[in-house]
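Novice: Pasting a predicted model and its sequence here:
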Amino acid sequence: METIITHIIEYAGTFAFAISGIRLASIKQFDLFGAFIVGFTVAVGGGTVRDILLGQTPFWLFQPSYLVCTIGALIFVILFRRYLSLFENAILVFDTIGLGFFTLVGIEKTLRLDYPLWVCVIMGMITGAVGGIARDVLTNEVPIVFQKEIYALACVFGGLFFCVLYKLGAPGMVLQIGTSAAVIIARLIAIRFHIGLPILR
Amino acid sequence: METIITHIIEYAGTFAFAISGIRLASIKQFDLFGAFIVGFTVAVGGGTVRDILLGQTPFWLFQPSYLVCTIGALIFVILFRRYLSLFENAILVFDTIGLGFFTLVGIEKTLRLDYPLWVCVIMGMITGAVGGIARDVLTNEVPIVFQKEIYALACVFGGLFFCVLYKLGAPGMVLQIGTSAAVIIARLIAIRFHIGLPILR
Amino acid sequence: METIITHIIEYAGTFAFAISGIRLASIKQFDLFGAFIVGFTVAVGGGTVRDILLGQTPFWLFQPSYLVCTIGALIFVILFRRYLSLFENAILVFDTIGLGFFTLVGIEKTLRLDYPLWVCVIMGMITGAVGGIARDVLTNEVPIVFQKEIYALACVFGGLFFCVLYKLGAPGMVLQIGTSAAVIIARLIAIRFHIGLPILR
């Protein structure tokens, strides 16, 4: 049961991440295959960079489900492109849940490899935020993550919350739900109230 | 004999890939060393990303021939820069043969590491197409691979053809020539008839 | 004593590299956290790419000092942003010393892994110059390293000087000071006399 819920969350997040890549690629007049590649990069980019930094085989090489999920996202965008704005809120919710989930996955994987907590926090952030940065680099845009509402910092916030819970000896379930929730809530508040960080001048 | 032909194809492809980087760097007013680095990135970038994803030491660290090939390409462009348009077709042929060859090399290396066939197809595409994407990122251009005639998809087409031949139990030579030829023919047809994929809007 | 001096040089260089990222990020209107990430990328990007190419765990995962150094650089820029021009020369000197030091570190690490000398020269250059390239890619600029005064080539010059000293059997101290000095002097002369490489057309 728990595994099923985990998988649903994972694929919903992958789907939403892929859509954000496919949409930006469409705006930049990429062809279908280009849009697919950008979508896949957003979906698996963060976890791939994490795995390479940690000396692990990239997670998506073990099963084709991430690829299938991205193909699904592409088909979805093709079919419903005129009505995407109706799904705007659903996609945003998926995207945010994905951010929380991926951050947690990154933290837990790093901890299992016996790295110190500060490395876990960084890897959580990389898992959550690097896909979006790669998307903007590939489409020749300034990464929006660096300029708009709090995004990568929400991952760091969740990571620090994980550290506190972990030090307090919280059980696995509490750690997982608490960390994901911290990322998601931080991100939703930032979006709702347009909270960004100050800009240096 | 077979090895000699393989090497000639490999170096001709490396040479053509490097030239595409050096030329774009020149258009963007890069200095000689910048042009060299971009050329080298195109020549070895795809295979390097493949090797890092597969946990292997990048192929070009084992012998300096790829470096030498790129230096040769730089000297060639310096000497013949006024007459490069005369070589346009030859360079395009080399580039296309290189694309077919590199795709094959990527597929075979991945298969030798016991990855499933769908990973081989992806790694073949990465080997062939990522160098050109890296070139465009380094020169601050939108990757042309995503917009113009079929390019990365030709690698995928070759990869799928490889899978069919492999499943049919085709002998090594047939696999190798068939796969490379599938990529080359797909690419040449796409160029000749300006075949691109549809663009999402 | 020697270790202390080494650490001071290393952190001064890291600090200066981080500042170059933070400043460019500010110009591009990045928020504080975005500026931090770009600064960190410049500080550790070159060594990270080197370590991944060599199959090593990235150096900065072993201790948080590089992270701390980047946080220090961010605080420094926030506090003294109105007076940064007064520190211009000091930062430039730190940056150049850092370039020489990082190049040396990259060469020595590669040599210790038993790679041939030509790979050491390349890894020295990657360690010194890739951080600046990553900075420009992340901020959507054409990499300045490829266009202005000699920069990456100064690392190559230092690397070749290392090879000569090494072949002559120079003791460790001479190798280290000689190589760093070669990079620093080449770079300072290039800045002072605006020496750039010719541009292909």
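Specialist: Thanks, I have it.
Novice: Show me what the helix ranked longest in chain A is packed against.
Specialist: Determined from DSSP state H, the single longest helix within chain A is helix A:84-112. Contacts defined by 3 or more CB pairs under 8 Å, 6 or more residues apart in numbering or on different chains; DSSP states H and E place helix A:84-112 against helix A:2-27, helix A:32-53, helix A:117-138, helix A:152-167, helix A:172-192. Just so you know, the C-beta spots here come from the backbone N, C-alpha and C atoms, and that holds for glycine as well.
Novice: Flag every buried residue along it.
Specialist: Residues of helix A:84-112 classed as buried by neighbour count (16 or more other CB atoms under 10 Å in any protein chain shown): A:91, A:94-111.
Novice: by how many degrees do it and helix A:2-27 diverge?
Specialist: 130 degrees (axes from the mean of the first three to the mean of the last three CA atoms, to 10 degrees).
Novice: same question for helix A:84-112, mean pLDDT?
Specialist: On average, the pLDDT along helix A:84-112 is 90.
Novice: Next, the angle from it to helix A:32-53.
Specialist: 20 degrees.
Novice: what separates helix A:84-112 from the chain centre, distance-wise?
Specialist: 5 Å (CA atoms, centre = their mean, to the nearest Å).
Novice: what does stretch A:48-68 give?
Specialist: From the chain centre to the centre of stretch A:48-68 is a distance of 14 Å (CA atoms, centre = their mean).
Novice: hmm, who's touching that stretch?
Specialist: Under the contact criterion CB atoms under 8 Å, 6 or more residues apart in numbering or on different chains, stretch A:48-68 has outside partners A:11, A:14, A:40, A:43-44, A:47, A:106, A:109-110, A:113, A:115, A:123, A:126-127, A:130, B:52-55, B:115, B:118-119, B:122, C:48, C:52, C:55, C:57-58, C:61.
Novice: ok, 6 Å please
Specialist: Where contact means CB atoms under 6 Å, 6 or more residues apart in numbering or on different chains, the residues beyond stretch A:48-68 that reach it are A:14, A:43-44, A:47, A:106, A:113, A:123, A:126-127, A:130, B:53, B:55, B:118-119, C:57-58.
Novice: pLDDT score for A:Met1?
Specialist: Model confidence at A:Met1 (pLDDT) stands at 65.
Novice: A:Gly178 now?
Specialist: So A:Gly178 comes in at 95 (pLDDT).
Novice: Counting neighbours, what do you get for the residue nearest to it when sequence neighbours are not counted?
Specialist: Sequence neighbours aside, A:Leu165 is the residue nearest to A:Gly178 in space, at 5.3 Å (criterion: CB to CB, 6 or more residues apart in numbering or on different chains). Neighbours of A:Leu165 under the rule other CB atoms under 10 Å in any protein chain shown: 18.
Novice: Touching, A:Leu165 and A:Gln176? I think so.
Specialist: No. Applying CB atoms under 6 Å as the test, A:Leu165 and A:Gln176 come out as separate, 9.5 Å apart.
Novice: In contact with the residue in chain A that chain C sits nearest to: list those residues for me.
Specialist: At 2.8 Å from chain C, A:Phe146 is the closest residue in chain A, using CB to the nearest CB. The contact partners of A:Phe146, by CB under 6 Å, 6+ apart, come to C:Phe30, C:Gly34.
Novice: Equivalent analysis for A:Ala35, please.
Specialist: A:Ile22, A:Ala25, A:Ser26, B:Leu200.
Novice: Neighbours of the residue nearest to it when sequence neighbours are not counted, how many?
Specialist: Closest residue in space to A:Ala35, ignoring its immediate chain neighbours: A:Ala25 at 3.8 Å, by CB to CB, 6+ apart. With neighbours defined by other CB under 10 Å, the count for A:Ala25 comes to 30.
Novice: Hmm, A:Ala25 is touching A:Val38, no?
Specialist: Yes. Taking CB under 6 Å as the contact criterion, A:Ala25 and A:Val38 are neighbours in contact, 4.2 Å apart.
Novice: which residues touch the residue nearest to A:Phe94 when sequence neighbours are not counted?
Specialist: Once flanking residues are discounted, A:Phe94 sits nearest to A:Ala16: 3.4 Å by CB to CB, 6+ apart. Going by CB under 6 Å, 6+ apart, A:Ala16 touches A:Ile91, A:Phe94, A:Asp95, A:Gly98.
Novice: redo that, cut-off 10 Å
Specialist: A:42-43, A:73, A:87, A:90-99 (CB atoms under 10 Å, 6 or more residues apart in numbering or on different chains).
Novice: Contact partners for A:Lys109?
Specialist: A:Lys109 makes contact with A:Gly47, A:Arg50, A:Asp51, A:Leu54, A:Gln56, A:Phe59, A:Tyr115, A:Cys120, A:Met123, A:Gly124, A:Thr127, according to CB under 10 Å, 6+ apart.
Novice: Check the contact between the first one and A:Gly106; I expect there is one.
Specialist: Yes. With contact defined as CB atoms under 10 Å, A:Gly47 counts as touching A:Gly106 (7.0 Å).
Novice: shared neighbours of the two, anything?
Specialist: Taking CB under 10 Å, 6+ apart as the criterion, A:Gly47 and A:Gly106 both touch A:Met123, A:Ile126, A:Thr127, A:Gly128, A:Val130.
Novice: show me the contacts for the residue lying closest to the first one once chain neighbours are set aside.
Specialist: Distances taken as CB to CB, 6+ apart place A:Thr110 nearest to A:Met123, at 4.1 Å, with adjacent residues excluded. Taking CB under 10 Å, 6+ apart as the definition of contact, the neighbours of A:Thr110 are A:50, A:53-54, A:56, A:116-117, A:119-124, A:126-127, A:159, C:61.
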